[in-house]
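Visitor: Requesting a structural model of the entry that follows:
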Amino acid sequence: MRGRRRFRTTVAVATAALLSAGVLSGCTAGEPSAVRSATGPAPSPTPLWDVSPSSVAAVGDSMTRAFDACAVLSDCPEVSWATGTDTAVNSLALRLLGPEKVAARSWNLARTGARMAELPEQMAGAAARRPELVTVMMGANDACRPTPDLMTPVEDFRASFETALFRLRKGAPKAQVYVTSVPDLKRLWSTGRVDPVGRQVWKLGICGAMLADAEDLGPAAERRRTAVQDRVVAYNRVLKEVCAGDVRCRYDGGAVFGFRFDGEQLSPWDWFHPSKDGQARLAELAYRRITAA
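Guide: Reported below is the predicted structural model:
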């Protein structure tokens, strides 16, 4: 009898030790199973990025205005990749909003010829409309100067872009921002230099820093083109870094820079701006990135 009591006492002590160590309960230290089952798993944070915004404002330059896409030396915003209404292009706004709302719920505030220094003003205009999404395509004109020494300095480019985001946040703090990379201008030169029409058009002064003397493969011409290419790469690095500092900003990951525009995607009038087909490709790239979970 006395032995059985001693045995039960020993078992009870051992069991209590195991329970306190969490061995029998299966709990992690400091987290009893009763508490876990009562509270359930921690809720996931609400994502900041909405894949279906209900309004779109576009800022930028001639590419967003669809310059030379329909007629020579003319804007053609109806085929803009960002806000156009042409169903053949199927713009970003058309995909997101549908044909019934695209006219009333999207705004194209880009200006042909604009450089990054103008973006703060355009962003302020976008903020006034309280859009849920703002698209930014800017920077090609900062590199496409008559000569490389006239290109926008990288730090000025950065300062203007940071100011632009600040202006947007001041008026529309919850607006999402989609930022495209600057296109690969050297690849554009490589594509167009073999076409006699392209070479002739470029002689009119289009993007001289890169496209002037398109057939010249000498060392001076190569250094000039490399300087422009390096500047475009630096601009894209700025766009990526500044965008990364804003939780409601998405950079395209270099998608536009990496896209291989060919003759079908380039304007037949200047072999520089996107054609209607090129605008459709830009819309597709943007839609994929914006609607990615």
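Visitor: Residue 293 and residue 51 touch, don't they?
Guide: Yes - contact criterion C-beta atoms under 8 Å: residue 293 and residue 51 qualify, at 6.6 Å. The way it works is simple: take the backbone N, C-alpha and C, and place the C-beta from them, glycine included.
Visitor: for the protein, what spans make up the helices?
Guide: Under the criterion DSSP state H, the chain contains helices at 2-21, 33-39, 92-97, 102-105, 119-127, 140-143, 154-171, 185-192, 196-202, 208-211, 219-244, 255-258, 276-290.
Visitor: for the second one, what is the average pLDDT?
Guide: Meaning helix 33-39. For helix 33-39, mean pLDDT is 38.
Visitor: Does residue 77 touch residue 83 like I think?
Guide: Yes - here residue 77 reaches residue 83: they are 6.9 Å apart, a contact under C-beta under 8 Å.
Visitor: So for these two, which residue has more residues nearby?
Guide: residue 83 (28 against 20; other C-beta atoms under 10 Å).
Visitor: Run through who's touching stretch 191-199.
Guide: Residues outside stretch 191-199 that contact it (C-beta atoms under 8 Å, 6 or more residues apart in numbering): 202, 211, 214, 215, 260, 261, 262, 263, 266, 268, 271, 272.
Visitor: how about 10 Å then?
Guide: Stretch 191-199 is contacted from outside by 184, 188-189, 201-202, 206, 211, 213-217, 260-263, 265-266, 268-272, using C-beta atoms under 10 Å, 6 or more residues apart in numbering.
Visitor: Likewise for stretch 256-263?
Guide: Residues from elsewhere that reach stretch 256-263 (C-beta under 10 Å, 6+ apart): 63, 81, 137, 140, 179-185, 187-188, 190-192, 194-195, 197-198, 232-233, 235-236, 239, 252, 265, 271-275, 277-278, 281-282, 284-286, 289.
Visitor: buried subset of these?
Guide: By neighbour count, with 16 or more other C-beta atoms under 10 Å, the contacts of stretch 256-263 hold 63, 81, 137, 140, 179-185, 188, 191-192, 198, 232-233, 235-236, 239, 252, 265, 271-275, 277-278, 281-282, 284-286, 289 as buried.
Visitor: Pull the distance from stretch 185-195 to the chain's centre.
Guide: Its chain's C-alpha centre and that of stretch 185-195 lie 24 Å apart, by C-alpha atoms, centre = their mean, to the nearest Å.
Visitor: I misspoke; the intended subject was stretch 253-267.
Guide: 15 Å.
Visitor: how about that stretch: buried residues?
Guide: So for stretch 253-267, counting by 16+ other C-beta under 10 Å, buried means 254, 255, 256, 257, 259, 261, 265, 266, 267.
Visitor: Give me the lowest-pLDDT entry from these.
Guide: Among these, residue 261 carries the weakest pLDDT, at 89.
Visitor: residues touching the residue nearest to residue 290 when sequence neighbours are not counted, list them.
Guide: Using C-beta to C-beta, 6 or more residues apart in numbering and skipping residues adjacent in sequence, the residue nearest residue 290 is residue 178, 5.5 Å away. Counting by C-beta under 10 Å, 6+ apart, residue 178 touches 53, 56, 58, 82, 92, 133-137, 243, 249-252, 286-287, 289-290.
Visitor: Ok, residue 185 next?
Guide: By C-beta under 10 Å, 6+ apart, the residues touching residue 185 are 140, 143-144, 207, 209-211, 225, 228-229, 231-232, 257, 272.
Visitor: Next, the contact list for the residue lying closest to it once chain neighbours are set aside, please.
Guide: Spatial nearest neighbour of residue 185, chain neighbours left out: residue 210 (4.6 Å); criterion: C-beta to C-beta, 6+ apart. Taking C-beta under 10 Å, 6+ apart, we find residue 210 in contact with 143-145, 148, 185-186, 188-189, 202, 224-225, 227-229, 231-232, 272.
Visitor: Next: residue 240.
Guide: Shown in contact with residue 240 (C-beta under 10 Å, 6+ apart): 179, 181, 249, 251, 252, 253, 254.
Visitor: Looking at those residues, which is nearest residue 99?
Guide: Ranked by distance to residue 99 (C-beta to C-beta), these are led by residue 252 at 25.1 Å.
Visitor: so that closest one makes contact with residue 288?
Guide: Yes - using C-beta atoms under 10 Å, residue 252 is in contact with residue 288, at 9.3 Å.
Visitor: Where does pLDDT dip in the stretch 1-150 of the chain?
Guide: The model of the stretch 1-150 of the chain has pLDDT under 70 over residues 1-47.
Visitor: still on that earlier bit, from residue 49, how far off is the residue nearest to residue 290?
Guide: 10 Å (C-beta to C-beta, to the nearest Å).
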